[in-house]
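Visitor: Next one to model:
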Amino acid sequence: MRTDKHLPELLLITPEPVADVDGGFDTFVMRLDHALVRGIALVQLRAKQLDAGRFDLLAARVLNQCHARGARLILNGPTSDAPDVYADGLHLSSERLMQCSRRMVPESKLLSAACHSEDQLAQAARVGADFVTLSPVLPTASHPGAPTLGWQRFGELLAHAQVPVYALGGMSPSHSEAARAMGAQGIAAISALW
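Guide: Down below sits the predicted model:
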């Protein structure tokens, strides 16, 4: 298994950034700062609906904020620039992961990936991911009625993982102990950590 590069127990995945009335993201940045003050040390800026230019501007601002609070930032959005230039890492969707033939960022940066199956976990190891999210473990408000792994299947998949794994899907800090007892790095969440 790859080293954990000092990964924390909690991974905050941001909700989709929504612009304020004036077109800025002050409210989003303020909410993020509250999470950072509470001790979040690893953030994935997830923005699927912003264009590349606005995403790059927000990412630069959020990166400064994260570094000021001692946290690292991973990008998950339409970045138009080389992600290794101005962030601590890059997150790959499961689709993008399966299209990769090599590591997408230098070893000095973090590479994470979204995984939902044993094949995806194996691919993450092949391309040199530093960690993955494995989901959905439990039902989520964002995907009501969607099939879930459940703790038993999560544990079975985790047993074959060759990279550190964060449990994702219906997670809250109260699930962290159970996830870690199974061998996970910790939990990843949006609303429970936001």
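
Visitor: Please report how far H6 lies from N76.
Guide: Separation of H6 from N76 (C-beta to C-beta, to the nearest Å) stands at 20 Å. All C-beta spots, glycine's among them, are computed from the backbone N, C-alpha and C.

Visitor: Which residue of these two possesses the greater neighbour count?
Guide: N76 (23 against 8; other C-beta atoms under 10 Å).

Visitor: For the more buried one, grab phi and psi.
Guide: When read as degrees, to the nearest 10, the backbone of N76 gives phi -140, psi 80.

Visitor: what do you get for L45?
Guide: phi -80, psi 100.

Visitor: Count the neighbours of the closest residue to Q49 other than its chain neighbours for me.
Guide: With C-beta to C-beta, 6 or more residues apart in numbering as the criterion, Q49 has its nearest non-adjacent residue at 5.7 Å, and that residue is E16. A count of neighbours around E16, defined by other C-beta under 10 Å, yields 12.

Visitor: List the contacts of E16.
Guide: Counting by C-beta atoms under 8 Å, 6 or more residues apart in numbering, E16 makes contact with 46-49.

Visitor: any idea which of those has the most stuff around it?
Guide: Within these, A47 tops the neighbour count with 22 neighbours, counted by other C-beta under 10 Å.

Visitor: which residues sit against the one helix or strand L75 maps to?
Guide: Per DSSP states H and E: L75 is located in strand 72-76. For strand 72-76, contacts defined as C-beta under 8 Å, 6+ apart pick out 13, 41-48, 59, 62-63, 66-67, 83, 87-91, 93, 110, 112.
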